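my questions concern the predicted model and sequence given below.
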Amino acid sequence: MVPPEQPLTSTDQIQNLILESADFEDFLNELARFSAHQVAGEGDDALCGITLLRDRKAATIGWSSDSAREVDEIQYSLSQGPCLTAAEEEREVHVPDLLEENRWGPDYASAVASHGLRSVLSLPFHLQGEAKAALNLYSDVPNKFDERATAKARGYTREISQALRLAVRFSLHTDSAANLRATLESRTIIDIAIGIVMAQNRCSQEAAVSMLTEASSNSNRKLRDIAKSLVDSVGGAGTRTHFQEPGQLKADRTA
């Protein structure tokens with residue numbers, strides 16, 4: 001009698017993803033999608049992003065959807081948020097309901113909630129010195145990540161930490177490292193745009209991020225595209241960019 005095949009463990013499935021992925025970026029995006037499904041439960045998915053901290057820079061290097069990447073980038077723009085805290089301090093961070101959250105100020109909570117999300121769970125990976133990273137889970141349901149879901153996510157993150165550590169180490173010693181570096185460097189355009197808005201409107205960093213986020217939401221364009229348009233608009237001599245109305249970017253060419 002042939003014994004029944006044992007179900008694949010998460011580690012086995014991650015190893016298969018590594019073997020089947022075209023490159024490092026493809027693997028990380030597949031890992032984020034796989035993680036979202038594994039942690040959220042049967043018939044339900046969460047949004048998932050993977051944050052990497054390296055060389056004093058933070059970036060989402062894998063995402064289950066564009067929305068997951070967008071809400072991660074809100075935190076990077078503000079230099080604070082649950083995923084950054086989880087990665088930097090290597091501890092779990094749970095946000096049961098964004099509408100009742102104030103640990104990172106009102107700008108973070110309102111910006112993420114504007115994407116229709118209500119709860120967040122961030123868990124650190126243990127990369128043992130290679131870098132720091134965190135798994136970021138978002139749900140449109142408040143109190144989605146209860147004790148059972150958190151325990152499941154904790155065990156899953158611990159189980160796949162070694163696979164991620166090996167993937168990061170490998171990427172940094174191959175041509176695939178260019179994908180990682182490009183992802184980290186792409187955040188520069190957003191930081192420049194924030195500085196432009198702060199200078200032109202004489203406002204705080206938080207207010208500048210809020211303006212850019214609102215412009216992104218109102219125009220249904222990605223935050224990085226809004227940022228690039230803004231930076232491009234001031235690239236020529238005599239160009240001044242400002243917000244004429246809340247959420248609306250305008251570039252005027254002075255005489």
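On my side now, so go ahead.

could you count how many residues lie near Thr85?
19 (other Cβ atoms under 10 Å). To be clear about C-beta, it is placed using only N, CA and C from the backbone, and glycine gets the same treatment.

what packs against the helix or strand hosting it?
Using DSSP states H and E, Thr85 maps to helix 82-89. Packing contacts for helix 82-89, counted by 3 or more Cβ pairs under 8 Å, 6 or more residues apart in numbering; DSSP states H and E, involve strand 47-54, helix 66-78, strand 93-95, strand 119-125, strand 132-139.

buried residues in that helix?
82-87 (16 or more other Cβ atoms under 10 Å).

need the contact list for Gly49.
32, 60, 62-64, 68-69, 71-72, 83, 136, 138 (Cβ atoms under 8 Å, 6 or more residues apart in numbering).

could you export these as CSV, including pLDDT?
Shown next, in CSV, are the contacts of Gly49 (pLDDT from 0 to 100):
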residue, pLDDT
Ala32, 85
Thr60, 88
Gly62, 86
Trp63, 89
Ser64, 89
Ala68, 91
Arg69, 91
Val71, 93
Asp72, 93
Cys83, 93
Asn136, 94
Tyr138, 95
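
let me know the closest of those to Glu206.
Val71 (16.3 Å; Cβ to Cβ).

skipping its backbone neighbours, what lies nearest that closest one in space?
Distance criterion Cβ to Cβ, 6 or more residues apart in numbering; nearest residue to Val71, sequence neighbours excluded, is Val112 at 5.1 Å.

can you give the domain ranges for the protein?
Using automatic domain parsing, the domain parsing of the chain gives 10-174, 188-253.

ranking those domains by burial, who's on top?
domain 10-174 (a mean of 19; mean count of other Cβ atoms under 10 Å).

what helices or strands is the strand or helix carrying Ala163 leaning on?
Assigned by DSSP H and E, Ala163 belongs to helix 147-171. Helices and strands touching helix 147-171, by 3+ Cβ pairs under 8 Å, 6+ apart, are helix 10-20, helix 24-40, strand 119-125, strand 132-139, helix 177-185.

give me the helix or strand of the protein that scores worst on average pLDDT.
strand 239-245 (a mean of 42; mean pLDDT, DSSP states H and E).

where does pLDDT dip in the stretch 51-200 of the chain?
Under the criterion pLDDT under 70, the flagged ranges of the stretch 51-200 of the chain are 130, 170-186.

okay, Met211 and Asp26: tell me how far apart.
Met211 sits 34 Å away from Asp26, going by Cβ to Cβ, to the nearest Å.

now the helix or strand harbouring Ser110, how far from the chain's geometric center?
Ser110 belongs to helix 105-113 when assigned by DSSP H and E. On the basis of Cα atoms, centre = their mean, to the nearest Å, helix 105-113 sits 15 Å off its chain's mean C-alpha point.

got the CA positions of it in PDB?
Extracted in PDB, the C-alpha atoms of helix 105-113 (Å, rounded to 0.1, in the frame of the first residue of the first chain):
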ATOM      1  CA  GLY A 105      -0.400  60.600  14.800                       C
ATOM      2  CA  PRO A 106      -3.600  61.300  13.000                       C
ATOM      3  CA  ASP A 107      -2.000  61.600   9.500                       C
ATOM      4  CA  TYR A 108      -0.900  58.000   9.300                       C
ATOM      5  CA  ALA A 109      -4.200  56.400  10.500                       C
ATOM      6  CA  SER A 110      -6.400  58.600   8.400                       C
ATOM      7  CA  ALA A 111      -4.300  58.200   5.200                       C
ATOM      8  CA  VAL A 112      -4.400  54.400   5.500                       C
ATOM      9  CA  ALA A 113      -8.000  54.300   6.500                       C
END
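
who are the packing partners of it?
Using 3+ Cβ pairs under 8 Å, 6+ apart, the elements in contact with helix 105-113 are helix 66-78, helix 205-219.

ok, Val231 touching Gly195?
No - Val231 is beyond contact range of Gly195, at 9.5 Å (criterion: Cβ atoms under 8 Å).
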